[in-house]
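S.K.: I would like the atomic coordinates for the input below:
(3 chains)
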Amino acid sequence: MLLIHCPYCEEDRSELEFRWAGEAHIARPENISAISDEEFAEYFFLRNNEKGLTYERWRHIHGCGRFFNAARDTVSDRFLTTYKAGMPKQPLPETGASEKTVETYEATEGDAR
Amino acid sequence: MRRYSVFAVAREAMRAHKGWEAQWASPEPRSAYDVIIVGAGGHGLGAAYYLAKEHGITNVAVIEKGWLGGGNTGRNTTIIRSNYLYEESMDIYEHSLKLWEGLSQDLNYNVMYSPRGVMMLSHNTHDMQSFKRHINANRLYGIDNEWLTPEQAKAYVPPLDIAKTARYPINGAALQRRGGTARHDAVAWGYARAASDRGVHIIQNCEVTGIRRGPNGEVLGVETSKGFIGAKKIGVSAAGHSSVVMEMAGVRVPLHSTPLQALVSEPLKPIFPCVVMSNTVHAYISQSDKGELVIGAGTDQYNSYSQTGGLQIITHTLDAICELFPIFRRVKMMRQWGGITDNTPDRSPIQGITPVPGLFVNCGWGTGGFKATPGSANLFAHLIAKGEPHRLAAGLTLDRFRTGRLIDEAAAAAVAH
Amino acid sequence: MSASSNSGTFRIKGAGRLTPARTARFTFDGKSYTALEGDTVASALLAHGVHLLGRSFKYHRPRGILSAGPEEPNALIDVSRDAARRQPNVRATVQEVFDGAKIASQNRWPSLKFDVGAVNNLFSPFFAAGFYYKTFMWPREAWVKIYEPFIRRAAGLGVAPTEEDPDHYANRYAHCDVLIAGAGVAGLTAALSAAATGASVFLVDEQPEVGGALHYDTATTIDGQNGYDWAQATAAKLKAMPNVTVLTRTTVFGYYNHGFLGLVERVTDHVAKPGKDLPRERLWQVRAKKVVLATGSIERHMVFANNDRPGIMLASAARTFLNHHGVAVGRQVGVYTAHDSAYEAAFDLKRAGVSIAAIVDCRADPGEALLAEARALGISVLSGHSVTDTGGRLRISSMTVARNGGGDARKIPVDALIVSAGWTPSVHLFSQSRGKLRFDDVNQRFLPNIYAQDCVSVGSCNGTDDLAELIDEAIAAGGGSVALAGENRFEWTGGMIGAAEGAGPDTTVKAFVDFQHDVTAKDIRLAVREGMHSIEHIKRFTTNGMASDQGKLSNMHGLAIAAEMLDRPIPQVGLTTFRAPYTPVTYGTLVGHSRGELFDPARKTPMHALETAEGAEFEDVGNWKRAWYYPKRGEDMLAAVNRECRTVREVAGVFNGSTLGKIEVVGPDAAQFLNLLYTNAWDSLKPGKSRYGIMTREDGFVYDDGVVGRLAEDRFHVTTTTGGAPRVLHHMEDYLQTEFPHLKVWLTSTTEQWAVIAVQGPKAREIIQPFVEGVDISNEVFPHMSVAECSVMGVPARLFRVSFTGELGYEINVPADYGPAVWKAIWERAEPMGACLYGTETMHVLRAEKGYIIVGQDTDGTVTPHDAGLGWAVSSKKPDFVGIRGLKRPDLVRENRKQLVGLLTKDPAVVLEEGGQIVADPNQAKPMTMLGHVTSAYWSENCGRSIALALVAGGRARIGETLHVPLKDRTIEVEVTDMVFFDKDGGRIHG
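M.R.: Numbering: from 1, shown residues only, chains lettered A, B, ... in the order given. Okay, here's the model as predicted:
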């Protein structure tokens, strides 16, 4: 179970209190009624699904109720930072940005020759 | 290829089994192939097999970054059924089920397809309406699926608790008798052996790191950890990693990859005859030929490639299992594990052409990929060979997300795979 | 007879730590035995000379006790207290004896000594690894009917319980600064060190007492004290500290993300008469800031021909049985080893009076110190020799010893053979934490290398063999400072992995790698020959490491044999993944209290008890319990519903609508916000009025619906479907917080703040009139779709003039606590007037008579408002709302979409089946072209016939057409109609 830092409560809380809310920094087009079918599909369906660093939204649904953003490594599931909704992508901590993805044991097993 | 049979086994028994040959070759890659398939899971290996068998295309390589069958093929809970709601789904899953029925003989490899029945439990009026909608649609489409009363369900699955006092009492069930299970590893191995026998190259421990494109955007081949390998046609069948591979060709697919967990119990003497699923309480369970209770747990809520998940997912699943089968409370969990499922917005797969000439995609099978293996592989081979989808897979295109013509099994019934 | 001989003839007086006076009786396969308190089933049976405990999985070979701990692959038993408390597949080496325990062997028939299944052993040449993939394919049907049932019956070890478990299980959550897994020397030292810093510490060990290897290792002293005694004293000291929790009989079974660990504490399985209040086991879920892994290591067996006979066991196990339980594993014991540790076992046995046949050491040059000690004790050491075979049927009777490379073979009688191929560090938890291992070439073992979480490995699980170094490492890991000095007698060296002499390549002997699954060295070689070159393939093909011990003994041997065949270094062959749990965990423990009512606590409305008293039957709607119908004496469901339906339309009915989701939308921009979230326009809605609203997501499909009342310019009372309330609020919050944060709006869930009492029917006004104050509810002043804040029975209330029945109706919202009182008063007035109570079924019928839809039943997430006939509710004037673009997509504006219509059966007495599929030509061949399906179907007492709603392709253009609904046993002819079956002009609602 993940341990998640809520930037509003400024607390590390158990994942049970949170709900994942998809990729972050996808703004609803202001002229949404005018965009093309392709643009709509891109906005509504297409997601990066990164293997590695991802920016995502969480909601502290059983806490303060706020949505916020997080940077997480989808291979190690380690959080690099969390920050409030509406803020731009945050600079990542030194170690987080430079450190290579922590490979899982399973990943090395995949390399088994 | 030496045929497998009881006689071959007997002969080998007499000489300490020293005469068996490698089930598949492990060649060095050629500089180019007619077709490259990325991902040596059941779907990819099967597609290679059917390319060779049904389309005469044998200059094929299946490239795998780990060991063949090591992704979701080797991690799932092996449920096979075809009682889906929409025509697009019924077409492909029933095509698959029919292939399952003769797969061991076709491959000369016992994949242990076991039509022991898949039972879905109904707990409330909404479930009943939804299941009957499925049953009626299935029947008119020529697919078996029948309604059982709680008493009939219990007769089929004696450990089932049908007490009205249960928190979510059972008010009936849908049973597909032809549904069941198969031995997952054997499916990958059987396809690998049969494809290899027809000349297909299976290249393991070879990671695709890029897709090279020509002046008109068409594919030229793949960059790999073993160097560049050319091909005019590339089929991507990389399950949870499909986004990563497709991104190499600049194609974005509407997927999100989440951990799906499962667990098995210690081995027990036969106690449980079929597959039982309940969507209302979120559980599915069967018993393997080795005697383990095989239990599918839920997905973790977030995107992850970690192949592990939280304990709370497991405990929640066992809560449900022990509600349905209170006699299992003293049984023990022996092993839990996770896979990475690639999920589309409508929970139906994507199989089709892409905006990149020569690049074909087969992904988004979510939690339902195993049962589709032969059908998906067979139709993917058709797609790659002909350059256009087979009639039975025509609805699975990427374009549906533009037009809105979704195949939303989940919305229709909230039925997990 | 003395107490000690009473507890077994192999019990050695003066040996071990158990108290001879404290005995317990148990039975094994019906025969009664006496044990000492503190015995495991294994030690107790060994004390009586019983070595045969079970049969193997595949060949049904007689098997004994291999280990003294949780790694045991062979000695799996069935333990019961009573019929309902029966536990299969228990490791005899872990289960403590309790008075009255009934123990049975498994996987044998008719008896352990004579097992018919053992015939498999004769046919074993056929049953090579993976043989089933190659046969049983013909004829096709035979797999299902003959072969598979046969294989299934043969497989499986224990027998599943057949009764519901009467025991209960507890669950605790905890947080700590440091969790230490393992309480041997390393773990105890780390705990002392960590505790000294004031940190909150959990020290956890799977055994009944702390000490780890000190259970058998009597040669080690700490601070001059006997090691085991030091361990107990240290544990007592730690337990007395307020910041330390010491848990024994507790296994850390899983190491999950972000310092989250799963522990299982066995509370009563060792107790003869457990108190009723005690849970059988307790699940601990601990979040630790830091984890210290002091999990030790596990001794490996030697892989040689017929290495599986009862009486063959690990050297450390024999030493545990002797030094802890006071039991000799035989009278004439052979030793076969590649590692020094077995020497100390032989020395201890010899000193206790057991004859040592010989120490057979496959190494050419064992250490001089050991040889000297052996000489001093008169033990013969055959270095450079191997055991190449064993004899005996149900127990080992001899070992065949030969010089390495052959020659000089001789048979030596033994009644036990203790073996050691060296030690495998227990890196299971480290690997579960997703740390990366490295291979230690010198000592042939995998060790922790790169950590993925805040944890540290200490002691032998970290490859630290030297005691002084181990203590320093553990102190450092604890973060504090402690002064400790340890001393042991011998430095251990040696070890091997893979097949030993005589079981190497080109042999066909059964040299077992994985005991429980009967995987032999030659099986692993066969797998490699068949092209299985990845260790995962080898594991899956042979099932090596897949038994209930999960390869604790077999993995390294299997890997080494594969590496040898492949001619590759071991790290290149790889290692299979370690997964939780470390040892099997009872489902019940993971479930804890989440059973029955607590599995998913039912939500009940404030009036639930009153409804129950009125005889209501309930149905589950989401996690709510809703009154379904109110049968009177002698009525079945249909009769009750018919009566309720008639009564509502003729007189009136009272209905509990409390489960409806309610969201208070407040703020100066509230109307603007609703404009964006609903398809309707809200600006024009005046305070005091309400409107039916449709919510879509961006994709344009109907997501939820409900009546929204405007109480003031800046205040809306929004209702949602019963099941939809949480997701609708989440959806609203998402947009409010992230897309429209500039809007000044506040959202509050009020679902459970209001009890809702609906009164519907011609006499509705008359019924509620006397209770209502503060608003004129006359038809003129308070027409349909009015809303007002007022008081009902003196209670502040929100009164809606609204109808889901098509009748004159009101919904009274009062604060939840007042619900029962108001409900009671209204019902007391309504009942004498001829009104009824009605439930959800009648509500469903009445709304269907009027063609009102139920989201989730008549729509399914693929239906647009236009499809549902609700196009009027989609504003064409608004510049934006959620769903505006999705609704314009090509497929959503396509002709011939499925549309909601009414269906009337040609035979009015026939009620359609909900979920029935609709076709134009019932005689067409399968697969048929289906036009849609029946979403709602009821007998309508008010219409005197059946009615139905259906989604039909191009439905509205088909009104008047005849279509067909083929069911399993008949086909029903229907006519497509509009959706209103009763009071088509809708006059009654305004009554």
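S.K.: Moving C-terminal from the lowest-mean-pLDDT helix or strand in chain C, which element do we reach first?
M.R.: Every helix and strand in chain C was compared by mean pLDDT, DSSP states H and E; the lowest is helix C:3-6, with a mean of 55. The element immediately downstream of helix C:3-6 (helix or strand, assigned by DSSP states H and E) is strand C:23-28.
S.K.: what residues does the stretch 101-250 of chain B put near chain C?
M.R.: Along the stretch 101-250 of chain B, the residues adjacent to chain C under the rule CB under 8 Å from any CB of the partner chain are B:101-102, B:104-105, B:108-116, B:123-126, B:128-137, B:139-142, B:146, B:167-168, B:183, B:185-186, B:189-190, B:204. The way it works is simple: take the backbone N, C-alpha and C, and place the C-beta from them, glycine included.
S.K.: near chain A, which residues of the stretch 451-600 of chain C show up?
M.R.: Neighbours of chain A within the stretch 451-600 of chain C, by CB under 8 Å from any CB: C:Ala452, C:Ser534, C:Ile535, C:Glu536, C:Arg568, C:Gln572, C:Val573, C:Gly574, C:Leu575, C:Thr576, C:Thr577, C:Phe578.
S.K.: Between the residues you listed, which sits nearest C:Ala92?
M.R.: The nearest member of these to C:Ala92, counting by CB to CB, is C:Phe578 at 24.3 Å.
S.K.: one step back: if you rank the residues of the stretch 451-600 of chain C next to chain A by neighbours, which is first?
M.R.: C:Ile535 (28 neighbours; other CB atoms under 10 Å in any protein chain shown).
S.K.: Show me what the helix or strand where C:Glu469 lies packs onto, helices and strands only.
M.R.: Following DSSP H and E, one finds C:Glu469 within helix C:467-478. The criterion is 3 or more CB pairs under 8 Å, 6 or more residues apart in numbering or on different chains; DSSP states H and E, and the helices and strands that helix C:467-478 contacts are helix C:185-196, strand C:281-293, strand C:486-487.
S.K.: So what does the closest residue to chain C within the stretch 201-350 of chain B have for phi and psi?
M.R.: Taking CB to the nearest CB, chain C has its nearest neighbour within the stretch 201-350 of chain B at B:Gly291, 2.7 Å off. Phi and psi for B:Gly291, reported as degrees, to the nearest 10, are phi 100, psi 0.
S.K.: Would you mind listing what in the stretch 251-400 of chain B touches chain C?
M.R.: Residues of the stretch 251-400 of chain B lying near chain C by CB under 8 Å from any CB: B:265-271, B:281, B:287, B:289-291, B:306, B:308, B:310-311, B:314-315, B:318-323, B:326-337, B:400.
S.K.: In strands, which of those appear?
M.R.: Residues of these located in strands (DSSP state E): B:Ser265, B:Gln287, B:Lys332, B:Met333, B:Met334, B:Arg335, B:Gln336, B:Trp337.
S.K.: Near the first one, how many other residues are there?
M.R.: Using other CB under 10 Å, B:Ser265 has 25 neighbouring residues.
S.K.: Please verify my assumption that it contacts B:Gln336.
M.R.: No: between B:Ser265 and B:Gln336 there is no contact under CB atoms under 8 Å: 10.7 Å.
S.K.: Next one: whatever residue of the stretch 801-950 of chain C ends up closest to chain B relative to B:Asp185, how far apart?
M.R.: Of all residues in the stretch 801-950 of chain C, C:Gly861 sits closest to chain B, at 2.7 Å by CB to the nearest CB. Distance of C:Gly861 to B:Asp185, given as CB to CB, to the nearest Å: 36 Å.
S.K.: Which one's more surrounded, the two?
M.R.: Set side by side, C:Gly861 and B:Asp185 show more neighbours around B:Asp185, with 24 against 19, by other CB under 10 Å.
S.K.: Tell me if I am right that the more buried one is in a helix.
M.R.: Yes: if the criterion is DSSP: H, G, I helix; E, B strand; the rest coil, then B:Asp185 is within a helix.
S.K.: what's near enough to touch it?
M.R.: Applying CB atoms under 8 Å, 6 or more residues apart in numbering or on different chains to B:Asp185 gives the contacts B:Gly69, B:Thr73, B:Gly74, C:Arg540, C:Phe541.
S.K.: what ranges do the strands span in chain A?
M.R.: Ranges of strands within chain A are A:3-6, A:11-14, A:19-23, A:53-59, A:67-73, A:79-84, based on DSSP E.
S.K.: May I see those strands organised as a markdown table, with mean pLDDT, mean neighbour count and distance to chain C added?
M.R.: Formatted as a markdown table, the strands of chain A follow (pLDDT from 0 to 100; neighbours: other CB atoms under 10 Å in any protein chain shown; distance: least, CB to the nearest CB, whole Å):
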| stretch | mean pLDDT | mean neighbour count | distance to chain C |
| --- | --- | --- | --- |
| strand A:3-6 | 98 | 19 | 4 |
| strand A:11-14 | 96 | 16 | 7 |
| strand A:19-23 | 97 | 17 | 7 |
| strand A:53-59 | 97 | 22 | 7 |
| strand A:67-73 | 97 | 24 | 5 |
| strand A:79-84 | 96 | 18 | 8 |
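S.K.: nearest to chain B, of the ones you listed?
M.R.: When these are compared by CB to the nearest CB, strand A:19-23 sits nearest chain B, at 4.3 Å.
S.K.: The closest one close to chain B?
M.R.: Yes: Strand A:19-23 reaches chain B (CB under 8 Å from any CB) through A:Arg19, A:Trp20, A:Gly22.
S.K.: number of nearby residues for the closest residue to A:His62 other than its chain neighbours?
M.R.: Of all residues not flanking A:His62 in the chain, A:Glu17 sits nearest, at 4.3 Å (CB to CB, 6 or more residues apart in numbering or on different chains). By other CB under 10 Å, 17 other residues sit near A:Glu17.
S.K.: same deal with C:Lys31?
M.R.: For C:Lys31, using other CB under 10 Å, the count is 10.
S.K.: same deal with C:Gly960?
M.R.: Using other CB under 10 Å, the number of residues around C:Gly960 comes to 9.
S.K.: what's the answer for C:Ser778, then?
M.R.: C:Ser778 has 10 neighbouring residues, counting by other CB under 10 Å.
S.K.: Looking at it now. What's its pLDDT?
M.R.: pLDDT recorded at C:Ser778 is 97.
S.K.: can you check C:Asp734 too?
M.R.: Per-residue pLDDT puts C:Asp734 at 98.
S.K.: is any part of the host helix or strand of it close to chain B?
M.R.: Under the criterion DSSP H and E, the helix or strand holding C:Asp734 is helix C:725-734. No: judged by CB under 8 Å from any CB, helix C:725-734 and chain B are separated, with a smallest distance of 12.5 Å.
S.K.: contact partners of that helix?
M.R.: Helix C:725-734 is contacted by residues A:19, A:21, A:59, A:61, A:65, A:67, C:660-663, C:665, C:673, C:677, C:695, C:697, C:703-704, C:720, C:747, C:749, C:751 when judged by CB under 8 Å, 6+ apart.
S.K.: Do a quick rundown of the helices in the stretch 101-250 of chain B.
M.R.: Counting by DSSP state H, counting those that start in this stretch, the stretch 101-250 of chain B has helices at residues B:125-141, B:150-156, B:184-197, B:242-247.
S.K.: err, chain A, not the other one
M.R.: Secondary structure of chain A (DSSP state H): helices at A:37-44, A:94-98, A:105-110.
S.K.: again, but for the stretch 601-750 of chain C
M.R.: Applying DSSP H, counting those that start in this stretch to the stretch 601-750 of chain C gives helices spanning C:608-613, C:637-650, C:670-677, C:725-734.
S.K.: what packs against the first one?
M.R.: Using 3+ CB pairs under 8 Å, 6+ apart, the elements in contact with helix C:608-613 are helix C:819-830.
S.K.: No further queries at this time; thank you.
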